[in-house]
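[1] need coordinates for the following:
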Amino acid sequence: MSERIDRDEEIRSLDEPIELDRFEAFAPPVYHFEVERRDFLKAVGGGIGVFLLVRAPSALAQRPGAAPAGGGMPPLPKNIGAWLHMAPNGAVTVFTGKVEIGQNVRTSLAQQVAAELKVGMDAITMVMGDTARTPFDMGTFGSRTTPTMGPQLRRVASAARDMLIELAADRWKTPKDKLIAENGKIADPSANRSIGYGELAEGQTLSKTIIAEDPLIPPSKWTVAGTPVPKVDAIDFVTGRHKYTPDLRLPGMMYGKVLRAPAYGATLASLDASAAKAIPGVVVVHDGNFAGVAAPTPEAAEKALAALKATWNPAPPQPSWKDIFPYLKQHVVSDDARRENGFRFDVRHVRGSVKDGMASAAHRFEQSYNIAYIAHNALEPNAAVAEWNNGKLAVWTGTQRPFPVRDSLAALFHLSKDDVRVQVPDTGSAYGGKHTGDAAPEAARLARAAGKPVKIVWTREEQFVWAYFRPAGVIDITAGLSADGKLVAWEMHNYNSGPAAIDTQYDIPNQHIEFHPVDSPLRQGSYRGLAATANVFARESARNELAEIAGVEPLEFRLRHLSDQRLKDVY
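    As a prediction, this is how the structure comes out:
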């Protein structure tokens, strides 16, 4: 059975649209590296070249709602061999683009394959988040691994089991309905014979189409999935043998550090690197607004970084903490600017007339809720190891989206996607903060100059300052209550923090709910729950205050405004 991924054979498109709140997925790249002359000549050949320099798309054009490059998601491969390989000794290797970031899906996905394939957990090895070996996956986010990849791998395992039964039936010249799969073998109870999966699979290629409607083993008959099993590689995690990205070491590897600006938006005017270059073994890179060093040891890298003497162009004025919330409301992206820059979504829900509802209200309520920026700061900081070999780039980094990181590296370094490989070691958490692989381009740029592998590990200070944040926001709520304590009007405006869960589930005849995108002064992006945490916080805080105005216990106030029985049962 071949483990080669046949990307020409496809089964269906990934129906996983990126939520509008994932600002980082649409943001422009942090760096723009120059094309080295030898790389340009290698690509186009000698002679005279005429080419057009096009400015990068504006940040606004790449915000949520702008059309993604390429126009859609590639479908999933339908060939079983893209997902599963079986060795002659019966060992099963399963491939998925999902990554393990502490949620234990390496174990739970293996359980689901074991249940359908009828093998033990010790027979399965999961290969995850390797762009050279696994099928495309948009990313590990939104709690989608279990409900989307779980069923996909179950279908793969079920189809493989059926194929093995067919191979055994053909070998024994017996009807396949007389055969059963169990414990890594196909058995023929009537003839008292069995054969191992590996022996059947040797020299064979699984080419059966994965059918979405293929019947799966019902949960009531699971023997592995849904049962408590030891965490895969638990001993390695407990004893410290597991290698996170910051632990990786390649032969001849150097250590990198990046020169950071003194303020957001400051640009590098000039760089005196003479003192740093005088340190033995140090390589200095100055490429546009990027400056960094690579050295034989972490200590030498720190010393070389400190030796760089930079002059910075002043940064534009930034709001202070006390000014940030008024700033957000004052920097809403206008409708004209949205249309001009291809900003294609408009989150605005209107029902009835809030004006009329407020005119009939006996009580008027107004409140503003401030949502703070929050840093992710997972246990494992941003880190990457990069290595160039014959013009091809390999990167190891902790990211939730290895394929988009691969694509961004290919664009940044003017490479084919096939010449970039991103591998994700099991990672020390993320919370939505590792979608962009921030350390990867830095390590890759330094490694290209050094001619050796380079590792970068961000400090906690860098993580707090330069990684993207959970968006700050302002949520303004106005509501009207009738004399009998019923909500007759509801107006809610969210500035910047995002539209997730912005609509209300409560029965209110007059509503105006709107999300206003803002030109944020800080990088911002996904955080656990996206803007649902902000919108639910503001909405339910207002409910409590409205209940007090109405003189009703808060739970009773909510139940009075609900017709959805399922939601009432939750309460």
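
[2] C-alpha from now on. contacts and neighbour counts both.
    Will do.

[3] which residues of the stretch 301-450 of the chain score low on pLDDT?
    Judged against pLDDT under 70, the low-scoring parts of the stretch 301-450 of the chain cover residues 337-346.

[4] wait, P88 sits on E202?
    Yes: here P88 reaches E202: they are 5.2 Å apart, a contact under Cα atoms under 8 Å.

[5] which stretches of the stretch 101-250 of the chain form helices?
    105-117, 150-172, 197-201, 234-239 (DSSP state H, counting those that start in this stretch).

[6] just name the most buried of these.
    For the helices of the stretch 101-250 of the chain, ranked by mean neighbour count under the definition mean count of other Cα atoms under 10 Å, the leader is helix 105-117 at a mean of 24.

[7] can I get the helices of the stretch 101-250 of the chain in a markdown table with distance to R401 and mean pLDDT?
    As requested, those are exported to a markdown table (distance: least, Cα to Cα, whole Å; pLDDT from 0 to 100):
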| stretch | distance to R401 | mean pLDDT |
| --- | --- | --- |
| helix 105-117 | 15 | 95 |
| helix 150-172 | 18 | 92 |
| helix 197-201 | 33 | 90 |
| helix 234-239 | 23 | 92 |
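
[8] as a markdown table, the ones you listed with distance to A383 would be great.
    Conversion of the helices of the stretch 101-250 of the chain to a markdown table gives the following (distance: least, Cα to Cα, whole Å):
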| stretch | distance to A383 |
| --- | --- |
| helix 105-117 | 21 |
| helix 150-172 | 29 |
| helix 197-201 | 39 |
| helix 234-239 | 18 |
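
[9] of those, which is nearest G256?
    Checking the helices of the stretch 101-250 of the chain against G256 by Cα to Cα gives helix 234-239 as the closest, at 26.3 Å.

[10] contacts for the closest one, please.
    Around helix 234-239, the neighbours that count as contacts under Cα atoms under 8 Å, 6 or more residues apart in numbering are 241-242.

[11] quick check: A449 touching H286?
    No: taking Cα under 8 Å as the definition, A449 is not a contact partner of H286, at 10.1 Å.

[12] neighbour-wise, which of these two wins?
    A side-by-side neighbour count of A449 and H286, using other Cα atoms under 10 Å, places H286 first with 18 against 15.

[13] can you pull up the bridge partners for that one?
    Listed by DSSP bridges, the beta-bridge partners for H286 are A291.

[14] can you list the weak-confidence ranges in the stretch 51-200 of the chain?
    Within the stretch 51-200 of the chain, the stretches falling below the threshold (pLDDT under 70) are 51-76, 78.

[15] now S190: how far from R401?
    50 Å (Cα to Cα, to the nearest Å).

[16] neighbour count winner among these two?
    Neighbours per residue, other Cα under 10 Å: of S190 and R401, the larger number sits with R401, 24 against 8.

[17] so who does the more buried one touch?
    Taking Cα under 8 Å, 6+ apart as the definition, contacts of R401 comprise 137-140, 434-437.

[18] let's see which of the residues you listed end up in strands.
    Residues from the contacts of R401 lying in strands, with DSSP state E as the criterion: none.

[19] buried ones among the residues you listed?
    In terms of neighbour count (16 or more other Cα atoms under 10 Å), the buried residues within the contacts of R401 are 137-140, 434-437.

[20] I'd like the residues you listed laid out as CSV, including distance to K118.
    Formatted as CSV, the entries for these read as follows, by distance: Cα to Cα, whole Å:
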residue, distance to K118
D137, 26
M138, 29
G139, 28
T140, 27
K434, 35
H435, 35
T436, 38
G437, 37
